[in-house]
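Chemist: Need coordinates for the below:
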Amino acid sequence: MNTDPIADFLTRIRNASAAGLKIVEIPSSNVKRAMTQILFDQGFVTNYKFEEDDKQGIIKIALKYNSSTKVPAITKLQRASRPGLRKYSGASEMPRVLNGLGIAIVSTSKGVITDKEARKQNVGGEVLCYVY
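Modeler: Residues are numbered from 1 along each chain as shown. Got it, this is the predicted structure:
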């Protein structure tokens, strides 16, 4: 049994990207679905698909690479908050990733959103991960 499903989500994407795979399959949950949607909206993945099965469902993510150099669009996925040490941030102290070039995915009372959206809506929450 996996004790940290978000870390598993990030590790599967990180490993598939390092191996040069086109598609990665991940067990589904509501938070993972929201994180996948954010990665797609921000242009870090090409496409995604939610498939339902008899248990919890599967997320299929098509990873994005540079067409000429074959370098992955996601250079780093880093877990910020973890079960042993949660990291919370208010709207005014929200972290800026690579001076605004990357994103932080934040779990707030208004759902799972990016750091930029959290600043705009003036809400704080748990910083889940950094993506750049």
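Chemist: Where do the domain boundaries of the protein fall?
Modeler: Domains of the chain are assigned by automatic domain parsing as 5-63, 77-131.
Chemist: Could you dump the ones you listed into JSON lines with mean pLDDT, distance to residue 70 and mean neighbour count added?
Modeler: The way it works is simple: take the backbone N, C-alpha and C, and place the C-beta from them, glycine included. Shown next, in JSON lines, are the domains of the chain (pLDDT from 0 to 100; distance: least, C-beta to C-beta, whole Å; neighbours: other C-beta atoms under 10 Å):
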{"stretch": "domain 5-63", "mean pLDDT": "95", "distance to residue 70": "7", "mean neighbour count": "16"}
{"stretch": "domain 77-131", "mean pLDDT": "96", "distance to residue 70": "18", "mean neighbour count": "16"}
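Chemist: Let's have the ones you listed in a markdown table, adding distance to residue 71.
Modeler: Listed next are the domains of the chain as a markdown table, based on distance: least, C-beta to C-beta, whole Å:
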| stretch | distance to residue 71 |
| --- | --- |
| domain 5-63 | 10 |
| domain 77-131 | 15 |
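Chemist: Which element, helix or strand, includes the residue nearest the centre of the chain?
Modeler: The residue lying closest to the centre of the chain (C-alpha atoms, centre = their mean) is residue 35, at 4.4 Å. Assigned by DSSP states H and E, residue 35 belongs to helix 30-41.
Chemist: can you check residue 120 too?
Modeler: Assigned by DSSP H and E, residue 120 falls within helix 115-121.
Chemist: That helix: how far from the chain's middle?
Modeler: 16 Å (C-alpha atoms, centre = their mean, to the nearest Å).
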